[in-house]
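>>> no sequence on hand, only this structure:
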């Protein structure tokens with residue numbers, strides 16, 4: 001077999017030989033064998049923080065918030081990675097959990113954190129923002145989020161945008177976009193197009209969830225906003241809600257139906 005392979009490489013080149021042998025050529029000239037579909041897996045667990053890998057370069061981080069109405073609530077965020085760089089959507093709920101996440105990204109992923117993007121002004125999105133700022137990590141948010149965080153005495157993101165934001169992470173990009181009001185007046189969603197992962201934050205509900213906290217919501221606009229999200233990302237494969245289990249486009253459909261007016 002090795003003799004035949006050398007002969008083929010001399011005549012046809014390594015690319016064709018490897019293709020015939022079932023070996024793919026990865027970008028940059030490296031070889032990679034065909035792999036089975038990605039299987040999500042938990043990669044970190046402590047009393048305060050759980051991290052689950054949901055695609056090759058996307059990780060859901062879950063911390064907790066104690067509430068009077070809903071009890072001990074798990075709160076999700078997202079870490080996206082590309083070539084040694086990361087961007088974080090939503091901080092953990094407090095600074096100590098945020099420090100734990102930062103350390104895990106640096107020590108386990110061996111990556112730099114380029115930015116953190118809170119998706120609205122509640123503390124389940126930016127409760128740990130001071131820990132990121134203390135490490136010199138810049139933060140970006142909807143201008144309405146900055147206004148509401150300031151007015152409500154919350155940690156305040158450093159850089160604002162009006163409708164949409166696009167930031168580089170490695171050689172690819174992520175976006176944060178305001179599609180309309182829903183859970184709050186300022187809620188944005190994050191998208192990692194290279195792996196078709198949507199971080200919906202609290203605008204998006206897990207399947208079978210209740211409507212949740214509505215104190216700052218625009219219930220009348222909510223369904224239409226999620227319909228706009230669904231149109232904007234037709235190729236989405238993984239949808240991560242602000243609370244509960246991630247899934248696929250069915251989370252968008254469920255949320256639309258939950259808030260659709262009769």
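Nice, I can see it. Predicted model, so just to flag it, every value in this text is computed and none were measured.

>>> so what's the gap between stretch 220-233 and the chain middle?
18 Å (Cα atoms, centre = their mean, to the nearest Å).

>>> can you name the residues in contact with it?
By Cβ atoms under 8 Å, 6 or more residues apart in numbering, the list of residues contacting stretch 220-233 from outside reads 177, 179-183, 187, 189, 191, 196, 198, 200, 203-204, 249, 252-253, 255-261. Any C-beta I mention is one placed from the backbone N, CA and C, and that applies to glycine too.

>>> buried subset of those residues, written for PyMOL?
With 16 or more other Cβ atoms under 10 Å as the criterion, this PyMOL line picks the buried residues out of the contacts of stretch 220-233:
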select buried, resi 177+179+180+181+182+183+187+189+191+196+198+200+203+204+249+252+255+256+258+259
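
>>> pLDDT weak spots in the stretch 51-200 of the chain?
Scanning the stretch 51-200 of the chain for pLDDT under 70 picks out 68.

>>> can you give me the strands in it?
58-67, 71-82, 85-89, 112-117, 140-142, 159-161, 164-169, 172-177, 189-192, 197-201 (DSSP state E, counting those that start in this stretch).

>>> what residues does residue 142 make contact with?
Counted by Cβ under 8 Å, 6+ apart, residue 142 has contacts 120, 160-162, 176, 178, 186, 188.

>>> just the buried ones from those, in PyMOL syntax?
The PyMOL command for the buried members of the contacts of residue 142 (criterion: 16+ other Cβ under 10 Å) is given here:
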select buried, resi 120+160+161+176+178+186+188
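
>>> residue 88: which of the contacts of residue 142 is nearest?
Of all the contacts of residue 142, residue 176 has the smallest distance to residue 88: 11.5 Å, by Cβ to Cβ.

>>> give the contact list for that closest one.
89, 117, 119, 140, 142, 161, 164-165, 167, 188-191.

>>> turn those into a markdown table, including distance to residue 243.
Formatted as a markdown table, those follow (distance: Cβ to Cβ, whole Å):
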| residue | distance to residue 243 |
| --- | --- |
| 89 | 14 |
| 117 | 18 |
| 119 | 13 |
| 140 | 23 |
| 142 | 20 |
| 161 | 25 |
| 164 | 24 |
| 165 | 23 |
| 167 | 25 |
| 188 | 17 |
| 189 | 15 |
| 190 | 16 |
| 191 | 19 |
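
>>> if the residue most central in space within the chain is in a bridge, with which residues?
Nearest to the geometric centre of the chain sits residue 78, at 3.2 Å (Cα atoms, centre = their mean). On the basis of DSSP bridges, residue 78 is bridged to residue 60, residue 89.

>>> isn't it up against residue 88?
Yes - counting by Cβ atoms under 8 Å, residue 78 does reach residue 88; the two are 7.3 Å apart.

>>> quick one: common contacting residues for the two?
Residues touching both residue 78 and residue 88 (Cβ under 8 Å, 6+ apart): residue 61.

>>> how many neighbouring residues does residue 47 have?
Each residue near residue 47 was counted by other Cβ atoms under 10 Å, and the total is 8.

>>> and residue 213, its phi and psi?
When read as degrees, to the nearest 10, the backbone of residue 213 gives phi -70, psi 130.

>>> could you pull out the helices for the stretch 101-250 of the chain?
123-126, 129-134, 143-151, 219-232, 250-259 (DSSP state H, counting those that start in this stretch).

>>> rebuild these as TSV, extending it with distance to residue 62.
Below are the helices of the stretch 101-250 of the chain laid out as TSV (distance: least, Cβ to Cβ, whole Å):
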stretch	distance to residue 62
helix 123-126	11
helix 129-134	17
helix 143-151	21
helix 219-232	22
helix 250-259	16
